[in-house]
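Peer 1: Requesting a structural model of the entry that follows:
(2 chains)
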Amino acid sequence: MDGETMASRVSYIATATKRARRQRIRKLTRELFGHLLLLPLSIVYMIPFFWMLSTALKTDQQVMAWPPVWIPHPIAWDNFPKAIQFFPFWLFLKNTLIIAVFGVIGIVISSSLVAYSLARIHWPGRDILFGITVATMMLPYHVTMIPLFIVFKNLGWINTFLPLIVPAWFGGAFYIFLLRQFFMTIPQELSDAARIDGASELRSYLQIVLPLAKPALATVALFEFLGRWRDFLGPLIYLQDQKKYTISLGLSYFRLEHGTEWQLLMAASLTLTIPIIILFFFTQRTFIQGITLTGIKG
Amino acid sequence: MGLNVRVLLSTQRRRNTVNGLLFAAPWIIGLLAFYAYPIVMSLYYSFTEYSILQAPKWTGLQNYIKLFTNDEKFYKSVYNTLYFSVFALPLGIIFGVGLALLLNMKVKGMSIYRTIYFLPVLVPDVALGVLWLWVFNAQLGIANVLLWKLFHVVGPGWLTDPAWSKPSVIIISLWGVGQAVVIYLAGLQDVPQELYDAAEVDGANVWQKTIHVTIPMITPVILFNLIIGLIGAFQYFTTPYVITTGDGRPALSLMFYAMYLYQNAFVLYKMGYASAMAWVLFIVAVVSAYALFRSSARWVYYGGE
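Peer 2: Predicted structure coming up:
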């Protein structure tokens, strides 16, 4: 090896290391810049959560003390049983779960049937029906709210869970839209092959499309469940007897009665929020997928 | 044979029509019972005086005339709703897109950041109202405690001060921006890498790439969020209802359109009057959604890749 190649190789290696180092520095700067912006902001974002948690564990004297402290001493764990007792949490939870479970079953069955019709069967008028479906997604709830209330009142359904459950059995526009988009991605040949073998549409729906669409069905179920959990206006209109309240409605009345007992209010708010956060951590992917597909708030 | 095929095809077509209608039947019934019928009835009620206890009494345009000429509370609720929309929506877009860009960087621990910004979305609306009442409590709330401790500033009354109450609920809505951020993030993943490579060859820096590549490419997602946000802002109800116990205090500064509609219908039992409000809302929502779609030709980029 002569001196010239040697020198050029050395300089090559030198520039390569220099470039690598420059790239590393750039990457480090970027990383530092990212944390510099994201970290302070995420602390600001978390403050209401810490504040809720901290208050929920304080005694009433600690809540009123100035200056407030972040970490309560002693920790007042009994705020939770107290809040749950005042609430009454278990009854409201039972009511919420009844509405949520029957709503979820109804919406999954009905919306998937309709989506199957819109995505997998060729029939005249299906494009029009799809257009109408998309249009109803933008219809404000308040336009239909009053006549529906009157219908349900005439049926004697006020103060029952029926006005909150029955409509779910006739499909929901967002879910039909979401499931239709998903069903379209399932290869048509699978259904064609089944049809040639003499399978009915019902069998193709039950045995081919539904099993392949489990993630989308899970998204629908999750979102409907969350929607029911946090729904306020529906229960507010239809449920008048306290024994029928859902937990969201219950919390708003708890607020009226215990407006200044912040430690109990925070404990109750936490009890309402924590189940959803736990659910989120178990279903993170389904969750995020659902939001990106529909953009609706649970 | 040609005949046979035709017969076969037409039976197949008929079978498809029957099956299609059968599978769609729940929704067709649902559309008629829970959408078509109520929309028509609500238009009818809007021309009547109707307290539920007595049959609706035809009054022609009376409700609409009263709304626009003789109801200060109505104007107040329109003003509040517009105020909220005009600030919360653009701020939500700027903040949401900015946050999505930051959360799209390749930085260690990004999944933790993403979770943190998403957590507020999980708080149920009623709990959200109760929580922020306490955060914004004038004496003992953490907002004013921190303002005093960090900057020696005496904070405002927030939700109890008419001058600060609307900015306060806008802050609350920005806390929940994580919802939109998730959608922006998904949009960002769809921007083709070639575009960035091409921009880089042309010597574009990070800022130029963001302005000239990223933002134009996600304008369809921005339009989507804007329409969803607009319809949502028109129906803004639960959080202010919980915060104000439904009466829009202080000084009606938090009386939003949907709250006043609810009050007319279910507190005062003026079903006809509330229906007129619902139809005004309906028309405004349709017109604004249409205007947004029309304007989108000028600012939304629908490029074939």
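Peer 1: For the stretch 51-200 of chain B, list the residues in contact with chain A, please.
Peer 2: Within reach of chain A by Cβ under 8 Å from any Cβ of the partner chain, the stretch 51-200 of chain B has these residues: B:52, B:99, B:102-103, B:105-109, B:113, B:116-117, B:119-127, B:129-135, B:137, B:140, B:142, B:145-146, B:149, B:175, B:179, B:182-183, B:186. Placement of C-beta: from N, CA and C, glycine included.
Peer 1: Buried ones among those residues?
Peer 2: B:52, B:99, B:102-103, B:105, B:107, B:113, B:116-117, B:119-127, B:129-135, B:137, B:140, B:142, B:145, B:175, B:179, B:182-183, B:186 (16 or more other Cβ atoms under 10 Å in any protein chain shown).
Peer 1: All the strands of the stretch 51-200 of chain B, in order from the start?
Peer 2: B:57-58 (DSSP state E, counting those that start in this stretch).
Peer 1: quick one, helices of it?
Peer 2: B:62-69, B:72-103, B:110-118, B:125-135, B:142-151, B:162-175, B:178-189, B:193-201 (DSSP state H, counting those that start in this stretch).
Peer 1: ok, and which of the ones you listed has the densest surroundings?
Peer 2: Ranked by mean neighbour count, the helices of the stretch 51-200 of chain B are led by helix B:125-135 with a mean of 25 (mean count of other Cβ atoms under 10 Å in any protein chain shown).
Peer 1: Would you report the backbone torsion angles of B:Val123?
Peer 2: The phi/psi pair for B:Val123 (degrees, to the nearest 10) reads phi -70, psi 120.
Peer 1: And whichever strand or helix holds A:Leu97, what does it pack against?
Peer 2: Using DSSP states H and E, A:Leu97 sits within helix A:89-120. Other elements packing on helix A:89-120 under the criterion 3 or more Cβ pairs under 8 Å, 6 or more residues apart in numbering or on different chains; DSSP states H and E are helix A:126-136, helix A:162-165, helix A:173-184, helix A:214-230, helix A:247-257, helix B:2-31.
Peer 1: isn't A:Ile165 right next to A:Val104, touching?
Peer 2: No: A:Ile165 is not in contact with A:Val104 according to Cβ atoms under 8 Å; the separation is 10.0 Å.
Peer 1: Point out where the stretch 101-250 of chain B drops to low pLDDT.
Peer 2: Applying pLDDT under 70 to the stretch 101-250 of chain B flags no residue at all.
Peer 1: where does A:Gly103 sit relative to chain B, distance-wise?
Peer 2: 14 Å (Cβ to the nearest Cβ, to the nearest Å).
Peer 1: ok now do that residue, which residues does it touch?
Peer 2: A:Leu164, A:Ile165, A:Ala168, A:Glu224, A:Phe225, A:Arg228 (Cβ atoms under 8 Å, 6 or more residues apart in numbering or on different chains).
Peer 1: Run through the residues that contact the second one.
Peer 2: Spelled out, it's A:Ile165. A:Ile99, A:Phe102, A:Gly103, A:Gly106.
Peer 1: swap in the first one?
Peer 2: By Cβ under 8 Å, 6+ apart, the residues touching A:Leu164 are A:Ile99, A:Gly103, A:Arg228, A:Asp231, A:Gly234, A:Pro235, A:Tyr238.
Peer 1: Give me the secondary structure label for the closest residue in space to B:Val182 that isn't next to it in sequence.
Peer 2: Among residues not flanking B:Val182 along the chain, A:Ile291 sits closest, at 4.8 Å (Cβ to Cβ, 6 or more residues apart in numbering or on different chains). Three-state call for A:Ile291 (DSSP: H, G, I helix; E, B strand; the rest coil): helix.
Peer 1: Distance check, the residue in the stretch 151-298 of chain A that chain B sits nearest to against B:Ile171.
Peer 2: Proximity of the stretch 151-298 of chain A to chain B (Cβ to the nearest Cβ) peaks at A:Phe170, 2.9 Å away. To B:Ile171, A:Phe170 is 39 Å away according to Cβ to Cβ, to the nearest Å.
Peer 1: How about the residues of the stretch 201-305 of chain B by chain A?
Peer 2: Residues of the stretch 201-305 of chain B lying near chain A (Cβ under 8 Å from any Cβ): B:224-225, B:227-228, B:231-232, B:234-235, B:237-238, B:241-242, B:245, B:258, B:261-262, B:265-266, B:271, B:274-275, B:277-279, B:281-282, B:285-286, B:289.
Peer 1: So which of those are in strands?
Peer 2: Among those, no member is found in strands (DSSP state E).
Peer 1: PyMOL command to pick out the buried ones of these?
Peer 2: Selection of buried members from those for PyMOL, criterion 16+ other Cβ under 10 Å:
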select buried, chain B and resi 224+225+227+228+231+232+234+235+237+238+241+242+258+261+262+265+266+271+274+275+277+278+279+281+282+285+289
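Peer 1: taking the residues of the stretch 201-305 of chain B next to chain A one by one, which sit in helices?
Peer 2: In helices, judged by DSSP state H, the following of those are found: B:224-225, B:227-228, B:231-232, B:234, B:238, B:241-242, B:258, B:261-262, B:271, B:274-275, B:277-279, B:281-282, B:285-286, B:289.
Peer 1: contacting residues around the closest residue to B:Thr17 other than its chain neighbours?
Peer 2: Spatial nearest neighbour of B:Thr17, chain neighbours left out: A:Trp123 (4.5 Å); criterion: Cβ to Cβ, 6+ apart. Each residue near A:Trp123 by Cβ under 8 Å, 6+ apart is listed here: A:Ser117, B:Asn16, B:Thr17, B:Asn19, B:Gly20, B:Leu21.
Peer 1: Surely A:Trp123 forms part of a strand?
Peer 2: No: A:Trp123: not assigned to a strand; according to three-state DSSP it is coil.
Peer 1: tell me the contacts of B:Met41?
Peer 2: Contacts of B:Met41 by Cβ under 8 Å, 6+ apart are A:Pro147, A:Ile150.
Peer 1: confidence score at it?
Peer 2: For B:Met41, the pLDDT comes out at 96.
Peer 1: Look up how far B:Ala180 lies from it.
Peer 2: Taking Cβ to Cβ, one finds B:Met41 at 35 Å from B:Ala180.
Peer 1: Over to A:Asp231?
Peer 2: Counting by Cβ to Cβ, the gap from A:Asp231 to B:Ala180 is 21 Å.
Peer 1: what do you get for B:Arg13?
Peer 2: Taking Cβ to Cβ, one finds B:Arg13 at 44 Å from B:Ala180.
Peer 1: Ok, A:Thr160 next?
Peer 2: From A:Thr160 to B:Ala180 the distance is 36 Å (Cβ to Cβ).
Peer 1: same thing with B:Val191?
Peer 2: 17 Å.
Peer 1: Likewise for A:Ser204?
Peer 2: 38 Å.
Peer 1: List the backbone torsions phi and psi for the residue in the stretch 1-150 of chain A positioned nearest to chain B.
Peer 2: Of all residues in the stretch 1-150 of chain A, A:Trp123 sits closest to chain B, at 3.1 Å by Cβ to the nearest Cβ. The phi/psi pair for A:Trp123 (degrees, to the nearest 10) reads phi -140, psi 150.
Peer 1: Just give me how far stretch B:133-145 sits from the chain centre.
Peer 2: From the chain centre to the centre of stretch B:133-145 is a distance of 27 Å (Cα atoms, centre = their mean, to the nearest Å).
Peer 1: Pull the contacting residues for B:Lys149.
Peer 2: A:Pro67.
Peer 1: Let me fix that, I meant to ask about A:Phe149.
Peer 2: Contacts of A:Phe149 by Cβ under 8 Å, 6+ apart are A:Pro163, A:Ile237, A:Tyr238, B:Ala265, B:Phe266.
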